[in-house]
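J.: The sequence and its predicted three-dimensional model are supplied below.
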There are 2 protein chains.
Amino acid sequence: MAEMADENVVYVGSKAVMNYVLAVVTQFNNNAKDVVLKARGRAISRAVDVAEIVRNRFMPDIDVKNIGISTEEIATEEGNKINVSAIEISLAKK
Amino acid sequence: MAEMADENVVYVGSKAVMNYVLAVVTQFNNNAKDVVLKARGRAISRAVDVAEIVRNRFMPDIDVKNIGISTEEIATEEGNKINVSAIEISLAKK
């Protein structure tokens, strides 16, 4: 299953796109009014794929409400700090 | 150099991030009021990196004005059509 730590948040990582699509569709079917996709680094492209597949193929009544980008500082295993880009895509019923 | 077909548009592809950062900074220094980053597929993550590096490291007076995502249909070399996600990030002076 896709990770879903916070309520209504789907963290997009390195799994197959459909895992995250299913997570989003499930949340909306459980009466969530909005779902936020979050991703960092290379997973950003996958988060955009998830949003597009959800609204084009599964839930035409869902639209992108807002998209934000930011930079997060993460610690590497060697103890260094590196900057990584992040995205948040808010989906909501039209 | 980075590709710059349209005026004020920087197409982000598979080159190193700094190529595109330089292209954006150059456009603003040539008095562009806004610059649009466009990318498809895996390059989407790189486009976000470009936007974040420009505003955090080079031009603090630049901000993200708008972000849009979409799906584009492209033809493969075999003649098939596949869907690919795309992003447009509009940068402008604050």
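T.: Right, received. Where do you want to start?

J.: CA atoms for contacts and neighbours, from now on please.
T.: Will do.

J.: Within the sheet, what are the partner strands of the helix or strand hosting A:Val10, with directions?
T.: Assessed by DSSP states H and E, A:Val10 sits inside strand A:9-12. Applying DSSP bridges, strand A:9-12 is found paired with strand A:34-40 (parallel).

J.: what's the angle from the following helix or strand past the partner strand to helix B:43-53?
T.: Remark: after strand A:34-40, the chain's next helix or strand is helix A:43-53, criterion DSSP H and E. Here helix A:43-53 runs at an angle of 120 degrees relative to helix B:43-53 (axes from the mean of the first three to the mean of the last three CA atoms, to 10 degrees).

J.: Just give me the longest helix of chain A.
T.: helix A:17-29 (DSSP state H).

J.: Strand A:34-40 and that one, what's the angle between them?
T.: 150 degrees.

J.: residues from chain A in reach of chain B?
T.: Proximity of chain A to chain B, by CA under 8 Å from any CA of the partner chain, involves residues A:41-45, A:48-49, A:52, A:67-71, A:84-86.

J.: hmm, try it at 7 Å
T.: A:41-42, A:44-45, A:48-49, A:52, A:67, A:70-71, A:85 (CA under 7 Å from any CA of the partner chain).

J.: among the residues you listed, which two are most distant?
T.: The span of the residues of chain A next to chain B, defined through CA to CA, is set by A:Glu52 and A:Thr71 at 23.0 Å.

J.: and those two? which has more neighbours close in?
T.: A:Glu52 (22 against 18; other CA atoms under 10 Å in any protein chain shown).

J.: For the residue nearest the centre of chain A, which residues are in contact?
T.: Nearest to the geometric centre of chain A sits A:Leu37, at 2.1 Å (CA atoms, centre = their mean). For A:Leu37, the contact set (CA atoms under 7 Å, 6 or more residues apart in numbering or on different chains) comprises A:9-12, A:47, A:88-90.

J.: tell me the two of these that are most distant?
T.: Between any two of those (CA to CA), the greatest distance is 13.0 Å, for A:Val12 and A:Ser90.

J.: who's more crowded, these two?
T.: Ranked by neighbour count (other CA under 10 Å), A:Val12 and A:Ser90 place A:Val12 first, with 25 against 19.

J.: I'd like the distance from that one to chain B, if you could.
T.: Distance of A:Val12 to chain B, computed by CA to the nearest CA, to the nearest Å: 13 Å.

J.: so what's that residue bridging to?
T.: The partner residues for A:Val12, given DSSP bridges, come to A:Ala39.
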